[in-house]
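Structural data only, the sequence is not supplied:
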């Protein structure tokens, strides 16, 4: 069986998130959207590899990469973007409840 253990997340992903936390506004984000798309793609590749590895030990139905945009409607913090990447792996079927959550943030992952 193939194990995707060689897929990693680069330091640039965490560097981008650090800069996003310092500059959490629409103007900065729009100016850096191309970089965001690259970093998001890298994280998605990592999560796909993690899904493959998890499926060797559990029945994984799907993987979801959460959006970077925050819902600020009912929040005191009006920052428009999350300064982290997060993903969730759903287990297959109703008999296997729950799943796995991964949270990537500089200094907290």
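Sure thing, it's come through. Here the structure is a predicted model, which is why all the values come from computation and not from measurement.

quick one, helices of this protein?
11-22, 26-31, 33-54 (DSSP state H).

Let me have the ones you listed in CSV, adding mean pLDDT and mean neighbour count as columns.
From N, CA and C alone the C-beta is placed, and that goes for glycine too. Formatted as CSV, these follow (pLDDT from 0 to 100; neighbours: other Cβ atoms under 10 Å):
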stretch, mean pLDDT, mean neighbour count
helix 11-22, 96, 16
helix 26-31, 97, 11
helix 33-54, 95, 16
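
Compare those and give me the one nearest residue 77.
Counting by Cβ to Cβ, residue 77 lies closest to helix 11-22 out of those; the figure is 11.9 Å.

Pull the residues that contact that closest one.
Around helix 11-22, the neighbours that count as contacts under Cβ atoms under 8 Å, 6 or more residues apart in numbering are 28-29, 32, 35-36, 39, 42-43, 81, 83-85, 104-106, 109.

quick revisit: how about the helices of the chain in a markdown table, adding distance to residue 90?
Below are the helices of the chain laid out as a markdown table (distance: least, Cβ to Cβ, whole Å):
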| stretch | distance to residue 90 |
| --- | --- |
| helix 11-22 | 23 |
| helix 26-31 | 29 |
| helix 33-54 | 10 |
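
what residues are up against residue 104?
Residue 104 neighbours (Cβ under 8 Å, 6+ apart): 9, 13-14, 17, 43, 84-86.

how far away is the residue in the chain sticking out farthest from the centre from residue 56?
Taking Cα atoms, centre = their mean, the residue of the chain most remote from its mean C-alpha position is residue 95, at 26.3 Å. Relative to residue 56, residue 95 is positioned 19 Å away (Cβ to Cβ, to the nearest Å).

cool, residue 22 as well?
Taking Cβ to Cβ, one finds residue 22 at 39 Å from residue 56.

Residue 39 now?
From residue 39 to residue 56 the distance is 27 Å (Cβ to Cβ).

Then residue 79?
As for residue 79, its distance to residue 56 is 38 Å (criterion: Cβ to Cβ).

before we move on, what about residue 66?
From residue 66 to residue 56 the distance is 24 Å (Cβ to Cβ).

Fine, thanks again, bye for now.
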